[in-house]
Structures are given as C-alpha cells and as structure tokens.
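Q: sequence-free structure coming up:
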C-alpha cells in the first residue's frame, strides 16, 4: 500500500483535552470496560490500491462505491471468526490458582462460591479479616493508653504521626507493590508489624519508664508496615478473586465496619490492661504469616534505569494513570470529596456525643450505630444499583451525606444525629461499592499498586482536612452554628452536583463526541465519504453512516479482550487487505458505547486512535 499521512486531523478542543483522540501503540492500548461489553461491532477499511490513491474505502474492492450502512450484518468470513473464538478460549489469563474459576473452568462471580471452590482464596480472606481486627483492637487501646499517659496533646500528635506513612510513604509503597513481588512484601511487612506488636507487648507488660517513647516508635514502625502490607494485599486479593470483584468490595466494606465496631469496643475494654491489646495483634499477625503459602506469585513491572527516574515514576505513575482515565478520575475525585465530608461529620458526631447528657453505655450504643449502618449499606444487593451509572452513584453518595448533615443541623438530640449519620453512611456504602468495584476492574494490573497508594493518600488527606475543618468550625462558631454552616455548604455542593448530573452537557455529548472523533480520525487517514453526526446520534447505525461503512458484529465468547487482540493481529498482517478497522464497543442501553480506530502503519505495527471518552 502507498504511504499515507497518518496525522490525527481531529478538531481542536483545547478546553476539553481528555476528549481529543489519543494515538496509542498496541502495547499502550488497554481495552476499555472489558467486563461490561455486551457487543462488539467492527468496520473494515482498506486503502484504494487499484488507483494508487491514499483514500480509504470499505473492504469491498469489487464495488465502485462504499456500501450504505442500513443493516447491521454478521461476519462473512467464518474462518476468521473461528480463529478469533479459538484464540479467545486459549488465551484466557489465569490470575489465581485456578484463574478465578471453578474446576470445570467456568467463571465464578460470587465470592462465597469462589471461597468454596478455591481454599487459597478462603484462607486469604479469613486471614485478612482476622489481621484487620487485631490491628484495630491494638490501635484503639493504645490511643486510649496514650491519652491517659501523655494527655490529649501527645495523643493527637501520635495519631497524626500514624498517618505519616500513608501520606509520605504512599508513592514509595505503591511503586514497590508494582515492581517487587507482592507476596514477599506482604510477608516482610507482616513480620515487621509482628515484631512491633511484640515489642509493644513486652514494653507495656514490663512497666518500664521508657514506655511512652518506645510505644511511639513501635506505633510509627507498625503504621509503616501496615501501609505497605495493605497496599500489597489489596493488589493480591484483587487478582486472586478474579471475576468476583463485587464480593471483594462488599467484604472490604464489611471488614472496615467490623473493625470499627470490634476495635472500638474491645479496645476500650482492654485499655485497663494495655499490654493485652498488642498481644492480640501479635497473635493475629502470627496467624496471618502462617497462612501466606497460598498467595500466588504475581508478575511485576520492569523498573526504569537510574534512581532519579525510579523516584519520578514513583511520584507520577499513579496520578497519571488516574488522570488518563476520566471515569476513574471521577471516582477518585468523588471519594476525596466524600471523605472530606466524613472527616467533618466524624468531629461533629464526637462533639454531639460529648456535649450530650447520656450514659457511657448509651454512648457506646450510639457509637456502634454508625458503623452498623455502614455495614448494612454494604449488604445492599448489587442488583439494586447494577443499572445505575457510576457518576449518578457518586452524586447519590454526596447527596446522602449532605442530607445527614442537614438533619444533624436541625437537632441536638444524639439519637437523631446517630440515626442520620448511620443512614448517610449506609447510603455511602450502597452507592460507593459499585464505584469502587468499577475503579478496581478498570485499573491496569501493572500500575494497580501505585494507583491504590495514590487513592489512599488523597482520601486520607481529605479525611484529615475534613476533621481539621470541622473542629475549627465548632471551635470558632459553636456546635449549633457550625452544624448549620456546614450543612448549608455541603447542601449547596450536593445540589449543584445533582443539577449537573441531571442537566449537565457531558451526559448527552459523551457518545456523540466519541464516535464523532472516531470518524474524524478515519477522515484524516483518507476516508472521503460519510455523513455528519448530530446531537443524539449514539448507536451503531449512526457511526456506520458517519464512516459510510457497514458495521458487523464480532463474536467474542466470554473474552472480548482476546477477540479484539486477534483482530488486531489481522490488521497488522501485511498479507491481509484490511489495513484499518473501526471498533465500536456496546455496553448496553444504560452504559453507552465507546469507539476506537486501529490502522496498520507498517512493519506489523498497529496504531490505535482512542478517544478516551469514558
């Protein structure tokens, strides 16, 4: 084929940089939203070699004009389809001991079923839960001990110190998770945490006069080990559960609520014998260490040469991965905002309980109500939120928290306040779990550790800022005025988010911009025919008309990634007359579509124009 100008030629949208098509090599391209794809359509194009032109035409050399796209057909080359289907079955990755599948090879999307089918998954889930409980009990008891021994100033300083590894160490821990064996990192960090717990146990049991500085040191070391462990463990669990990601999200939410309940309750009881709390942590750490033999060996990414470049990668890869995926970016931003609100509400709730005239037992009951509400929210069936769009769920989370803030602003009754916060946190988990699952599934495995670390760093920072904001507002204005002002602010933000979601321009334009940019890329490569797109054009027929080429459905079995990979092989093959193909991924009526263009640039290489509209 004659050489052609491969420039993008897309229209200028400098005000919307993430809407401009991006040219990616095949190695850089990641098939978007793999798990949700319902149908894939393809349109084959070829260079007009008969007249020595650079124009693209549908792959119908015997026809003088391109065919009109009135009917979506089926592929006509059965041999190619069979080859794609065969590759689909043979190239399926195995990401756990059985690839997240049962003995018969079928997908398992239920976490309880997967636990029964793969004892390694069950062992890891149980160990993670037990380990989290031990850490929570120890942390709660030692905080109370530190408050008693050093006063609120020292206790607050130590609490801030515990968060330092999650802030400053997050980029390093994320880089280590992606570039070193997570199994080794988990084992080593768990061992360091166990040593710190043993040191705390001996120190508190001996009654030494140096207990305070020693406990401060062991607490800091234990926090650093916990931060690295959690990041590595998250990547391992995500890989091990395979297709049961929804169950993993629910498990994580329930674990978080359970640790607040058990840790807060037992931590207060064990504060009278403080050495017993780190002893429990030591025992749970030992159990966890003894159960790590079933952790799979995961592939690790290659490291850049030179310390400077490695440090640069540690700081930038995670944020860039989130920035480059607009929906993951929206999820991360939504969680940052909600954690900011949670930080404020945590201080509000504490102040409400402290200033109320209720007994200690009633205070404990109210403290347990909020994490109980969060746990109930985590148990909401996924079928209730399955059809909702991710941005709508993020808006719902914020609206629920704002509603709780408004309810608290109108009362000084701790029972009503507790019920309001419990309801808000229940909605937080019910609407947040699908978004968490979505982000986990869409994050490429090779950067998962760095993305998780950056997300942890930003959400913890937001929670801390929220606490400072809430505490400062209460100190300046008093509890009632602060509650009213914060409710007004959060209510305004939530109302604006709802209005943007209902009437904002992005919802109506997303698919239109996506297929419009794909057709623009095809025109830049030499396609002369087609019709302009209009608002509301969002289905395969509209894209067919835009490129004047028939779209045909591509069967993919249960692995669309392998089917698309096989098709890219076909495009890269110089013996195949098809040198350009447009892909249209259909995610169902509620979730929209996504289109890309792939073209052969010679030497068996493929360049992909990905609009990155998500």
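A: Looks like it arrived, so ask away. On a predicted model such as this, the values are computed, not experimentally measured, just so you know.

Q: which element is residue 45 on?
A: Element membership for residue 45 (DSSP states H and E) is strand 39-47.

Q: number of nearby residues for residue 123?
A: 16 (other C-beta atoms under 10 Å). In short, each C-beta sits where N, CA and C put it, glycine included.

Q: residues contacting it?
A: By C-beta atoms under 8 Å, 6 or more residues apart in numbering, the contact list for residue 123 reads 291, 294.

Q: re earlier: may I have the strands that pair with the strand holding residue 45, each with its orientation?
A: strand 56-58 (antiparallel), strand 552-553 (antiparallel), strand 580-586 (antiparallel) (DSSP bridges).

Q: Out of these, which gets nearest to residue 294?
A: Closest to residue 294 of the strands paired with strand 39-47 is strand 580-586 (C-beta to C-beta; 35.5 Å).

Q: and the next element down the chain from the closest one?
A: In N-to-C order, the element after strand 580-586 by DSSP H and E is strand 593-602.

Q: ok, the following helix or strand past that following strand: who's next to it in the sheet?
A: Sequence-wise, the next helix or strand downstream of strand 593-602 (DSSP H and E) is strand 605-610. Pairing partners of strand 605-610, with direction, according to DSSP bridges: strand 22-25 (antiparallel), strand 593-602 (antiparallel).

Q: Now tabulate those strands in TSV and tack on distance to residue 147, mean neighbour count and mean pLDDT.
A: Listed next are the strands paired with strand 605-610 as TSV, based on distance: least, C-beta to C-beta, whole Å; neighbours: other C-beta atoms under 10 Å; pLDDT from 0 to 100:
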stretch	distance to residue 147	mean neighbour count	mean pLDDT
strand 22-25	53	16	62
strand 593-602	53	23	80
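
Q: quick one, which of those strands is nearest to residue 575?
A: Per C-beta to C-beta, nearest to residue 575 of the strands paired with strand 605-610: strand 593-602, 11.1 Å.

Q: roughly how far is that closest one from the heart of the chain?
A: Strand 593-602 has its average C-alpha position 26 Å from the chain's average C-alpha position, going by C-alpha atoms, centre = their mean, to the nearest Å.

Q: Please apply the same query to stretch 245-256.
A: Taking mean C-alpha positions (C-alpha atoms, centre = their mean), stretch 245-256 and its chain are 13 Å apart.

Q: which parts of it are buried?
A: 245-256 (16 or more other C-beta atoms under 10 Å).

Q: Ok, stretch 485-503 next?
A: 486-487, 489-491, 493-494, 497-498, 501.

Q: next one: stretch 112-123
A: In stretch 112-123, counting by 16+ other C-beta under 10 Å, buried: 114-115, 117-118, 120-123.

Q: For the residues you listed, give me CSV that also has pLDDT, distance to residue 138 and secondary structure.
A: CSV is the format used below for these (pLDDT from 0 to 100; distance: C-beta to C-beta, whole Å; DSSP: H, G, I helix; E, B strand; the rest coil):
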residue, pLDDT, distance to residue 138, secondary structure
114, 90, 30, helix
115, 91, 27, helix
117, 89, 34, helix
118, 89, 30, coil
120, 91, 27, helix
121, 92, 26, helix
122, 91, 25, helix
123, 92, 23, helix
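
Q: so which of those comes closest to residue 595?
A: residue 114 (33.8 Å).

Q: Settle this for me: the closest one is touching residue 244, isn't it.
A: Yes - using C-beta atoms under 8 Å, residue 114 is in contact with residue 244, at 4.8 Å.

Q: what's the burial count for residue 358?
A: Neighbours around residue 358, by other C-beta under 10 Å: 12.

Q: returning to that earlier point: tell me the one among the buried residues of stretch 112-123 nearest to residue 570.
A: residue 114 (34.9 Å).

Q: In TSV: the buried residues of stretch 485-503, plus pLDDT.
A: What follows is the buried residues of stretch 485-503, written out as TSV (pLDDT from 0 to 100):
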residue	pLDDT
486	76
487	76
489	80
490	73
491	76
493	76
494	73
497	73
498	71
501	65
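
Q: and those residues, which of them are in helices?
A: 486-487, 489-491, 493-494, 497-498, 501 (DSSP state H).

Q: show me the contacts for the residue nearest the centre of the chain.
A: Centroid-nearest residue in the chain: residue 439, 2.6 Å away (criterion: C-alpha atoms, centre = their mean). Counting by C-beta under 8 Å, 6+ apart, residue 439 makes contact with 328, 331-332, 455.

Q: any idea which element it lies in?
A: Counting by DSSP H and E, residue 439 is part of helix 414-442.

Q: what separates the nearest residue to residue 278 once chain neighbours are set aside from residue 447, distance-wise?
A: Spatially, and ignoring its direct neighbours in sequence, residue 278 is nearest to residue 200 (3.8 Å; C-beta to C-beta, 6 or more residues apart in numbering). Going from residue 200 to residue 447 by C-beta to C-beta, to the nearest Å gives 35 Å.

Q: Show me which of the two is the more surrounded one.
A: More neighbours surround residue 200 than the other of residue 200 and residue 447, with 28 against 21 (other C-beta under 10 Å).
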